[in-house]
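A.B. asks: Just need the structure, nothing else, for what follows:
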Amino acid sequence: MNATQKKESKQILHIFLSYDATDEIYARKLRKLLSQRPDLRVFTMDKLSAGEDWQSRLRDELDQSDIFIVLLSTSSIISELRLQEIGAAWALNKRIIPIATHPDAFSEFPYFNLVALKDVKFIEMKDLEKPEVINRILDPYEKLAS
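C.D. replies: Below is the predicted model of the structure:
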């Protein structure tokens, strides 16, 4: 199969984007970057509707996702919901991509020192200023139609 055929046979890559409400500006910026790729579907909490069983929906979306991206910031590292989502993503064997809103976020977040998360690659939000970075991050996870 040549490169053109591979691109034509790509399936949609499902991303679960986890972030604290105080990091909405960063989340919006990241969603904009991700939306430049037509082969991605991004789920965020803002897609939940009022009155919806949000816990079931979160479980379903996380289960269906291929990649779990979490924005790490001073607010998110103390969020119980972020910790639960990261733990669930790890338990479901999801690819976890943490993106720090500032350089100190990784050292402030002790859970990434766990043996289970040693292979996780860390990215800083400032590194995403270059559009090719998002492709370099996601390309290894592309799904091809069988």
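
A.B. asks: Next, count neighbours for Q36.
C.D. replies: If you count neighbours by other C-beta atoms under 10 Å, Q36 ends up with 10. For the C-beta atoms, the positions are set from N, CA and C on the backbone; glycine is no exception.

A.B. asks: now do E124
C.D. replies: Neighbour count for E124, taken as other C-beta under 10 Å: 16.

A.B. asks: what pairs with it across the strands?
C.D. replies: In this entry, E124 is beta-bridged to A100, by DSSP bridges.

A.B. asks: Would you check that my belief about it contacting I97 is correct?
C.D. replies: No. Using C-beta atoms under 8 Å, E124 is not in contact with I97, being 11.9 Å away.

A.B. asks: Would you map the helices across the chain?
C.D. replies: Per DSSP state H, the chain carries helices over the ranges 3-8, 24-34, 54-64, 80-91, 105-108, 131-138.

A.B. asks: right, and those helices - which one's nearest I15?
C.D. replies: helix 24-34 (6.6 Å; C-beta to C-beta).

A.B. asks: in that closest one, what's buried?
C.D. replies: Y26, A27, K29, L30, R31, L33, L34 (16 or more other C-beta atoms under 10 Å).

A.B. asks: before we move on, what about stretch 86-98?
C.D. replies: Buried residues in stretch 86-98, counted by 16+ other C-beta under 10 Å: I86, A88, A89, W90, K94, R95, I96, I97, P98.

A.B. asks: picking that back up, quick one, which of the helices of the chain is nearest to V70?
C.D. replies: Going by C-beta to C-beta, the one of the helices of the chain nearest V70 is helix 80-91, 5.9 Å.
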